[in-house]
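J.: model this:
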Amino acid sequence: MDFLAYAKALPVIEKLGVEADEQDGMVQFTIVDDRSCTLNIGANPPDSEQADRTLDASTESLPRMCDEVFHALNINEVALVPRTSWREVLDLTAFDMATVERWLDIDAEASLHQNSRDPLFVSRDEHETLETMVRSLLTNAEKPAQSISVLASGGTALVVDVLPPDRLYVQCVGKGVADRIMEYLRKVK
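T.: Residues are numbered from 1 along each chain as shown. Next up, the predicted model:
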């Protein structure tokens, strides 16, 4: 796990076709591609957001499903980005993250980034970190600022927004990719 300065990561993110828009101090990532598809995953996903696909899933299954979205496409590394700053996330998740051995190795470094939204890169074998953070956010978040976006790093445009208390919002490119993710998630549900 490593942090990368937000200013250095943003051009890389944009090259993937993902645009960052900041409003009221909160960042929102959007895939800019005519072929983009959206998926609402969670307990009674709302139809009002006009997602291309929806999947009803229990809140308890969402942390694993967040990780599995990336496994479905064989993505080996993801970037976790807080919507505001790491302080909002770390203050909320500190107790739960203290149980993750690999997190303890970077906990001191994470405190150095608490006033930033520097992406934290997490590899596939560190899935426990991602799942624990997502679970903690879904369980404990009280406001929209206490959420993260998880982005594929590398050649694939894929964004998963963790939206407490009970939803994941996925953006990907292509209906075939969306179908593959949905099929994979139905199997692990």
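
J.: going forward, measure contacts between C-alpha atoms and count neighbours the same way
T.: OK.

J.: Who does the spatially most central residue of the chain form a beta bridge with?
T.: What sits nearest the mean C-alpha location of the chain, by C-alpha atoms, centre = their mean, is Val150, with 2.4 Å. Counting by DSSP bridges, Val150 is bridged to Leu80, Val160.

J.: residue contacts, it?
T.: Contact analysis of Val150 by C-alpha atoms under 8 Å, 6 or more residues apart in numbering lists 78-81, 159-162.

J.: Asp67 reaches Thr129, doesn't it?
T.: No - using C-alpha atoms under 8 Å, Asp67 makes no contact with Thr129, being 10.0 Å away.

J.: Where do the helices of the chain begin and end?
T.: For the chain, applying DSSP state H gives helices covering 6-15, 62-72, 86-97, 101-112, 127-140, 175-188.

J.: Any idea which of those helices gets closest to Ile41?
T.: Closest to Ile41 of the helices of the chain is helix 62-72 (C-alpha to C-alpha; 7.9 Å).

J.: ok, back up a step: check the gap between the residue nearest to the centre of the chain and Asn140 for me.
T.: Relative to Asn140, Val150 is positioned 18 Å away (C-alpha to C-alpha, to the nearest Å).

J.: Kindly report the same for Met97.
T.: To Asn140, Met97 is 13 Å away according to C-alpha to C-alpha.

J.: which of these two has more neighbours?
T.: Met97 (20 against 14; other C-alpha atoms under 10 Å).

J.: show me the contacts for the residue lying closest to Tyr184 once chain neighbours are set aside.
T.: In space, and not counting its chain neighbours, Tyr184 is closest to Ala72: 6.0 Å by C-alpha to C-alpha, 6 or more residues apart in numbering. Residues near Ala72 by C-alpha under 8 Å, 6+ apart: 180-181, 184-185.

J.: if we go to 10 Å?
T.: Ala72 makes contact with 65, 177, 180-185, according to C-alpha atoms under 10 Å, 6 or more residues apart in numbering.

J.: Also Met1?
T.: So Met1 contacts 77-79, 102-103, 105-106, 120-123, 126, 129 (C-alpha under 10 Å, 6+ apart).
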